[in-house]
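okay, structure incoming, though there's no sequence with it:
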């Protein structure tokens, strides 16, 4: 049994109820639920929430609802803890695909291809990444007397973009894991693990870009 699961807590501290804010006329949550449904890969599609309005939106978009307990609805609660509670309540689920609600650019084909890596290639966990061509420097505190230094380049040998493959970064769009791995490793990544590389045009962190979009709209109002 392969389940899609979106975590959508009502107590977001950055933007209140951001997971159901409209984006191009569709609730943010609706974009990822539609991608999951259209992928045709899931036996069940769920939203885990502690909020009545989010539950209503989730059901409108065809999802089942896992009403999470207060123990995993705190500011300090981790995604893994919430997913473990979901799995304990739904013992038929063998593989769970945790989809971030703040991933409106997610396409059904991404989920189809990544899930095949689990179902056909034998991976225990697969997560989404994007390739970035960015040079990193050490951060130093003001007044410390320290000097910055390069982390992933030699300045005298700075490569041209076309001569450098760049680096892979998690973009937080989705994490697919087996039930056994999540309980054994207490993590969504581990065991026989692989990444799924998303398209270059999606290289910016989707959560960050979505948060900035809503923040700008709020500032303009």
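Happy to help now that I have it. Every value quoted in this text rests on a predicted model; they were computed, and no experiment measured them. Numbers count the residues shown, from 1 in each chain.

elements contacting the host helix or strand of residue 33?
Element membership of residue 33 [criterion: DSSP states H and E] is helix 28-39. Helix 28-39 makes packing contacts with strand 2-7, strand 44-49, helix 52-60, strand 95-99, helix 108-119 when contacts are defined by 3 or more Cβ pairs under 8 Å, 6 or more residues apart in numbering; DSSP states H and E. Where you see a C-beta, it was placed from the backbone N, CA and C, and this is true even at glycine.

quick one: the ones you listed as CSV, columns for mean pLDDT and distance to residue 69 too.
CSV is the format used below for those (pLDDT from 0 to 100; distance: least, Cβ to Cβ, whole Å):
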stretch, mean pLDDT, distance to residue 69
strand 2-7, 97, 13
strand 44-49, 96, 10
helix 52-60, 94, 14
strand 95-99, 98, 18
helix 108-119, 97, 28
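
need these in a markdown table with mean neighbour count, can you?
As requested, those are arranged in a markdown table below (neighbours: other Cβ atoms under 10 Å):
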| stretch | mean neighbour count |
| --- | --- |
| strand 2-7 | 24 |
| strand 44-49 | 24 |
| helix 52-60 | 16 |
| strand 95-99 | 25 |
| helix 108-119 | 18 |
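
closest to residue 20 out of the ones you listed?
Closest to residue 20 of the helices and strands packed on helix 28-39 is helix 52-60 (Cβ to Cβ; 4.7 Å).

residues in contact with the closest one?
6, 8, 10, 17, 19-20, 27, 29-30, 33, 47, 49, 64-65, 67 (Cβ atoms under 8 Å, 6 or more residues apart in numbering).

one more time with 7 Å, if that's ok
8, 10, 17, 19-20, 27, 29, 47, 49, 65 (Cβ atoms under 7 Å, 6 or more residues apart in numbering).

how far does whichever helix or strand comes after it sit from the chain's center?
Going down the chain from helix 52-60, the next helix or strand is strand 64-67, by DSSP H and E. Relative to the centre of its chain, strand 64-67 is centred 18 Å away, using Cα atoms, centre = their mean, to the nearest Å.

and the helix or strand just after strand 64-67, what does it pack against?
Sequence order places helix 79-89 as the next helix or strand after strand 64-67, per DSSP H and E. Helix 79-89 sits against strand 2-7, strand 95-99, helix 179-185, with contacts defined as 3 or more Cβ pairs under 7 Å, 6 or more residues apart in numbering; DSSP states H and E.

tell me the buried residues in the last one?
The reference is to helix 179-185. 179, 181-182, 185 (16 or more other Cβ atoms under 10 Å).

please report phi then psi for the residue located most distally from the centre of the chain.
Ranked by distance from the centre of the chain (Cα atoms, centre = their mean), the top residue is residue 145, with 38.1 Å. Backbone torsions for residue 145, taken as degrees, to the nearest 10, come to phi 80, psi 0.

quick one: it from residue 138, how far?
14 Å (Cβ to Cβ, to the nearest Å).

repeat for residue 74
Distance, residue 74 to residue 138, by Cβ to Cβ: 34 Å.

I figured residue 127 hits residue 175, correct?
Yes. Judged on Cβ atoms under 7 Å, residue 127 makes contact with residue 175 at a distance of 4.6 Å.

and residue 142, how many neighbours?
Counted with other Cβ atoms under 10 Å, the neighbours of residue 142 add up to 6.

Three-state assignment for it, please.
Look at residue 142: counting by DSSP: H, G, I helix; E, B strand; the rest coil, its state is coil.

before I go, just wanted to say thanks for your time.
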